[in-house]
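Participant: pasting the sequence and the predicted model now:
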Amino acid sequence: MSDKKKEKTTTKHMSDADLSQNNDDMPEIIVVEDGQVIDEAEKEKNKLDDMTKAYRYLQADFDNYRRRMMLASQTSKEQGRVDVIEKLLPIIDVMTKAQSFINDPKILEGFKMILDQHYNLLSGFNVKKIDTLGMDLDTKFHNVVATKDDEKNAGKVVEVFQDGYQMGNIVIRPAQVIVGK
């Protein structure tokens with residue numbers, strides 16, 4: 001005989017009534033072709049592992065979804081602010097130009113106070129005027145409407161036709177400028 005131990009399997013004969021009562025409590029035993037025994041608990045452990053993996057994937061998908069929705073919400077709010085500010089800028093432009101036509105000092109003072117309130121409103125949304133005069137031409141911030149013969153200031157902004165504004169890193173409206181050539 002060889003050194004290998006032979007396994008003996010004993011079976012207890014039970015009545016059908018005993019089987020139906022004990023069937024829920026006892027794990028099911030499955031005999032595989034090569035003689036290994038896999039019980040129901042191992043199968044359930046594999047199911048649990050699969051369900052845990054599926055849960056983790058679902059949780060990661062949900063976290064990604066939540067991040068995308070937060071980013072979309074922030075982008076939407078920011079775009080809403082930009083849209084309102086774009087509609088406000090032409091009013092500020094007209095008021096700025098209108099100052100030069102006011103002769104009464106008291107009216108001019110009141111007009112400047114109103115204009116300052118508009119600028120304070122813009123600064124509350126982190127909107128700033130783009131510095132342009134004397135700066136090198138930058139097409140991200142400047143839109144050239146004309147050129148002017150000026151060898152001393154070639155490639156630089158020599159006049160501002162319309163102010164430009166930016167909110168943080170977002171250019172709301174590029175400045176309309178005249179550049180020296």
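Facilitator: Nice, thanks for sending it over.

Participant: low pLDDT regions in the protein?
Facilitator: 1-39 (pLDDT under 70).

Participant: remind me, longest helix of it?
Facilitator: For the chain, the longest helix by residue count, based on DSSP state H, is helix 40-98.

Participant: can you name every helix or strand that it contacts?
Facilitator: Here helix 40-98 is seen to pack against helix 105-124, strand 165-167, strand 170-173 when contacts are counted using 3 or more Cβ pairs under 8 Å, 6 or more residues apart in numbering; DSSP states H and E. For the C-beta atoms, the positions are set from N, CA and C on the backbone; glycine is no exception.

Participant: domain-wise, how is the chain divided?
Facilitator: As recorded under automatic domain parsing, the domains making up the chain are 39-125, 130-181.

Participant: the residue nearest the centre of the chain and residue 57: what is the separation?
Facilitator: The centroid of the chain falls nearest to residue 71 when counting by Cα atoms, centre = their mean (2.6 Å). Remark: distance between residue 71 and residue 57 (Cβ to Cβ, to the nearest Å) = 21 Å.

Participant: tell me how far residue 130 lies from residue 172.
Facilitator: As judged by Cβ to Cβ, residue 130 and residue 172 stand 9 Å apart.

Participant: now do residue 54
Facilitator: 46 Å.

Participant: settle it for me: which of the two has more neighbours?
Facilitator: Set residue 54 next to residue 172 and count neighbours by other Cβ atoms under 10 Å: residue 172 wins out with 21 against 10.
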